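>>> sequence and predicted structure are below.
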Amino acid sequence: MDALDRLDWNLVPALNALLVERNVSRAARRLGISQPAASGALARLRRTFEDDLLVRGHNEYTLTPLAQRLLPLTRQAVAAARDVVGNARSFEAAASTREFVIVSTEYGQMLIGSVLGKAVARAAPHIRLKFLSPWTSTTPPSEWLSTVDGWLAPRDIFVDMPSTGLLPDRWVLVVADDNDRVDDDGLGVEDVGRLTWVVPTVPRDPHPWTRRLHAYGVDLKPSVVTQSFGSVPHLVAGSPHVGIVQERLAAPLARTLGLRVLALPWDMGALSLTLWWHPNREHDAAHCWLRQQVADSMAHVAAHGVATDR
């Protein structure tokens, strides 16, 4: 009897999770089971394959040669199983009571939250959308992604994860209409030091836009600090300060708040929003429906703006 004949097929998802995560605790969270249960599954798999599969290294586990060969095969097996279940069980949006959990900054929620929420309410009135701030957890993003339905984030946040939708944007300067320290031609890099700024901060890691400014030798002088990009236009309005914000947030507020939206004097690089998800959701029929709703909402906002309905 070979390993295949001895294999309990209920252990295949556990084998895949253990080989992908290379960590019993993370595999347990990914599978939604306790750590002792995941440890028990690893012990059974080791007996089945007569191989350690995971070997403890200096700081983490490494895969044995056999485990390295098994990893792509387990991914294929789990994907095939999800296809079978997904094809056998249809998703009826109108009758579903599912809750979809999406991680998103305030920026992502402000851009597509309203459009997406209205579209979902029309097609699936019993479905619930739940948005979580990325700053509410200290779990590494790639690990947290495996426990939620999606993450609205820029294109460069995740590597080798599936994604859909692309909503382009750009960084701009916002200044009050009556601020005579900045003319309509905008700023030069040499002007930055003489101005006072409304500066958003991001917990834990410096935001990519801050790192890019530092690469240009630009050091903003903050007079007002906030944790919200969405509040920047409001804090700049009627003040002598200047702020940097995403154009799709600033443009709809410019007339109401009395702001000018100007080009930046330095290249901040491409800015875009997309929906990322973990491969464990890839073949979920309900999740496929959600992804289409998000992609359609992004396309609508890209074509018509934030304050319109699909």
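Cool, got the structure.
>>> for stretch 43-57, buried residues please.
Within stretch 43-57, the residues that count as buried by 16 or more other C-beta atoms under 10 Å are 44-45, 48-49, 51-54. Glycine gets a C-beta too; all of them are placed from N, C-alpha and C.
>>> need the contact list for the residue nearest to residue 188 when sequence neighbours are not counted.
Nearest in space to residue 188, with sequence neighbours left out and distances taken as C-beta to C-beta, 6 or more residues apart in numbering, is residue 265 at 5.2 Å. The contact partners of residue 265, taken as C-beta atoms under 8 Å, 6 or more residues apart in numbering, are 186-189, 191-192.
>>> at 7 Å what do you get?
186-189 (C-beta atoms under 7 Å, 6 or more residues apart in numbering).
>>> and of those residues, the nearest to residue 143?
Of all those, residue 189 has the smallest distance to residue 143: 39.1 Å, by C-beta to C-beta.
>>> neighbours around the closest one, how many?
Look at residue 189: counted by other C-beta atoms under 10 Å, it has 12 neighbours.
>>> wait, it touches residue 264, no?
No - using C-beta atoms under 7 Å as the test, residue 189 is too far from residue 264 to be in contact (9.5 Å).
>>> just the CA atoms of whichever strand or helix holds residue 40, as PDB, please.
Secondary structure assignment for residue 40, by DSSP states H and E: helix 35-49. Extracted as PDB, the C-alpha positions of helix 35-49 are listed here (Å, rounded to 0.1, in the frame of the first residue of the first chain):
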ATOM      1  CA  GLN A  35      -3.500  24.600  16.700                       C
ATOM      2  CA  PRO A  36      -3.600  21.200  18.400                       C
ATOM      3  CA  ALA A  37      -5.800  19.900  15.600                       C
ATOM      4  CA  ALA A  38      -3.400  21.300  13.000                       C
ATOM      5  CA  SER A  39      -0.500  19.700  14.800                       C
ATOM      6  CA  GLY A  40      -2.400  16.400  14.900                       C
ATOM      7  CA  ALA A  41      -3.000  16.600  11.100                       C
ATOM      8  CA  LEU A  42       0.700  17.200  10.500                       C
ATOM      9  CA  ALA A  43       1.600  14.200  12.600                       C
ATOM     10  CA  ARG A  44      -0.800  12.000  10.600                       C
ATOM     11  CA  LEU A  45       0.600  13.300   7.300                       C
ATOM     12  CA  ARG A  46       4.100  12.600   8.400                       C
ATOM     13  CA  ARG A  47       3.100   9.000   9.200                       C
ATOM     14  CA  THR A  48       1.300   8.700   5.900                       C
ATOM     15  CA  PHE A  49       4.200  10.000   3.700                       C
END
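>>> just checking, what packs against it?
Packing partners of helix 35-49 (3 or more C-beta pairs under 7 Å, 6 or more residues apart in numbering; DSSP states H and E): helix 3-6, helix 12-21, helix 24-31.
>>> now the residue most central in space within the chain, what are its backbone angles?
The structure's the chain has its C-alpha centroid closest to residue 151; by C-alpha atoms, centre = their mean the separation is 2.8 Å. Dihedral pair for residue 151: phi -140, psi 120, per degrees, to the nearest 10.
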